[in-house]
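**Q** Next comes the sequence, and after it the predicted model I'd like to discuss.
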Amino acid sequence: MKNYYIRSNPGSADYLSILNETDEGLMVRIYRDLDGYEKVIDEYMTRVLFDSCIRTGYLLEMEDKPASAIA
């Protein structure tokens, strides 16, 4: 499962996780945290919209760190 940062307003920590992929689109889970108010949204996103968000920098892939690097 890949995770992405969502470019958002200062003070907001938002990210997106891909739950499932098809040729036409993706099922995603969006996590939003604005000053302690948390919201989780499951949505369908078309492949065209997802690719556009990556291309424009609205979504930025999170770097995976191996478990050994955390310790």
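**A** Sure thing, it's come through. Residues are numbered from 1 along each chain as shown.

**Q** Would you mind pulling the contact partners of stretch 16-26?
**A** For stretch 16-26, the external contacting residues (CB atoms under 8 Å, 6 or more residues apart in numbering) are 1-4, 6, 27-31, 42, 44-47, 49-50, 59. Every C-beta, even on glycine, is put in place using the N, C-alpha and C of the backbone.

**Q** Inside helices: which ones of those?
**A** Counting by DSSP state H, the contacts of stretch 16-26 place Arg47, Leu49, Phe50 in helices.

**Q** Would you show me how to pick out the buried ones of the residues you listed in PyMOL?
**A** Applying 16 or more other CB atoms under 10 Å to those, the buried members can be selected in PyMOL as follows:
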select buried, resi 50
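
**Q** Would you convert the ones in helices among the contacts of stretch 16-26 into a markdown table that also reports distance to Tyr15 and pLDDT?
**A** As requested, the ones in helices among the contacts of stretch 16-26 are exported to a markdown table (distance: CB to CB, whole Å; pLDDT from 0 to 100):
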| residue | distance to Tyr15 | pLDDT |
| --- | --- | --- |
| Arg47 | 19 | 95 |
| Leu49 | 17 | 96 |
| Phe50 | 14 | 96 |
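
**Q** Only the buried subset of the contacts of stretch 16-26, as a ChimeraX command please.
**A** A single ChimeraX command selects the buried members of the contacts of stretch 16-26 (16+ other CB under 10 Å):
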select :4,6,28,30,45,50,59
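
**Q** What's the separation between the residue nearest to Cys53 when sequence neighbours are not counted and Met45?
**A** Leaving aside its chain neighbours, Cys53 sits nearest to Leu59 (4.4 Å; criterion: CB to CB, 6 or more residues apart in numbering). Here the criterion is CB to CB, to the nearest Å. By it, Leu59 lies 10 Å from Met45.

**Q** next one: Glu63
**A** The gap separating Glu63 from Met45 is 22 Å, by CB to CB.
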